[in-house]
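S.K.: Have a look at this fold, sequence not included:
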C-alpha cells in the first residue's frame, strides 16, 4: 500500500482495522476494545485524509469509521466514491456508511449506484450490499426505496440470474448483525 501519510498513521487507522471491520461479524473482544479506543479518538480530518488515499484499505476503514460515528457530512464524498467504484473492496464500507447515515442524500447515492451497476451484470461489485443498505434504511424509516429493485423480473433478479452464489438474504442478515454490533458494542460504550 502506498500512502502519502507516515507509517504510524497508516498503522493506527488502517492496518489494525481494514481486514476486520466488515465481512464476518464475529468480532473478538480484543478487536472491539481496539475499535472503541479508535472511535474515541478519530476525528473528521482523519476520515478526510483516509478517503483521499488512492488505496481501498484506507477508504474502507474511513467508510466504516464514518458510518459507526454517523458522520453524515461525508455523504457526498463517500457517495461519489461509491458511484465511480474505482477500487475493489471499498464499496462495502461506503454502503455501510450510507446505510448508517440513512439520510435522503444517502438514499440517492445508493439508488444511483444500483441504477448504474445493476445494469452491468458483468461487474460484480457491491450491488448486494447497496441493496441491503437500502433495505436497512427502509426498515428504519418505514420507506420502500428498495422495492423497485426487487420486483419480479426487475433489476436485481436480472442481475443475479447467472450468479448462483449471490444471496441477498445472507447479505441482509450480515448487515443487520453489523448494525446491531455497532449500536450495542461500539457506540453504546
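M.R.: Ah, there it is. Only a predicted model underlies this, so the values are computations on that prediction, with no experimental measurement involved. Numbering: from 1, shown residues only.
S.K.: All the helices of the protein, residue numbers only.
M.R.: Listed in chain order, the helices of the chain (DSSP state H) span residues 7-10, 29-41, 44-51, 56-69, 75-84, 90-101, 104-117, 127-141, 147-150, 155-160, 168-181.
S.K.: between the ones you listed, which gets nearest to residue 22?
M.R.: Closest to residue 22 of those, according to CB to CB: helix 90-101, at 5.0 Å. C-beta: built from backbone N, CA, C; applies to glycine.
S.K.: Next, work out how far apart residue 96 and residue 57 are.
M.R.: Residue 96 is 15 Å from residue 57, where distance means CB to CB, to the nearest Å.
S.K.: What of residue 38?
M.R.: In terms of CB to CB, residue 38 sits 15 Å off from residue 57.
S.K.: Looking at these two, which has the bigger crowd around it?
M.R.: Taking other CB atoms under 10 Å, residue 38 and residue 57 do not tie; residue 57 has more neighbours (22 against 18).
S.K.: give the contact list for the more buried one.
M.R.: Counting by CB atoms under 8 Å, 6 or more residues apart in numbering, residue 57 touches 1, 14-15, 18, 89.
S.K.: ok, now residue 130?
M.R.: Residue 130 touches 82, 91, 95, 110, 113-114, 117, counting by CB under 8 Å, 6+ apart.
S.K.: Columns distance to residue 65 and neighbour count on top of these, output as TSV?
M.R.: Shown next, in TSV, are the contacts of residue 130 (distance: CB to CB, whole Å; neighbours: other CB atoms under 10 Å):
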residue	distance to residue 65	neighbour count
82	16	28
91	16	26
95	15	32
110	19	28
113	20	27
114	24	23
117	24	21
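S.K.: Now tabulate these in a markdown table and tack on pLDDT.
M.R.: Output for the contacts of residue 130, formatted as a markdown table (pLDDT from 0 to 100):
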| residue | pLDDT |
| --- | --- |
| 82 | 98 |
| 91 | 94 |
| 95 | 98 |
| 110 | 98 |
| 113 | 98 |
| 114 | 98 |
| 117 | 98 |
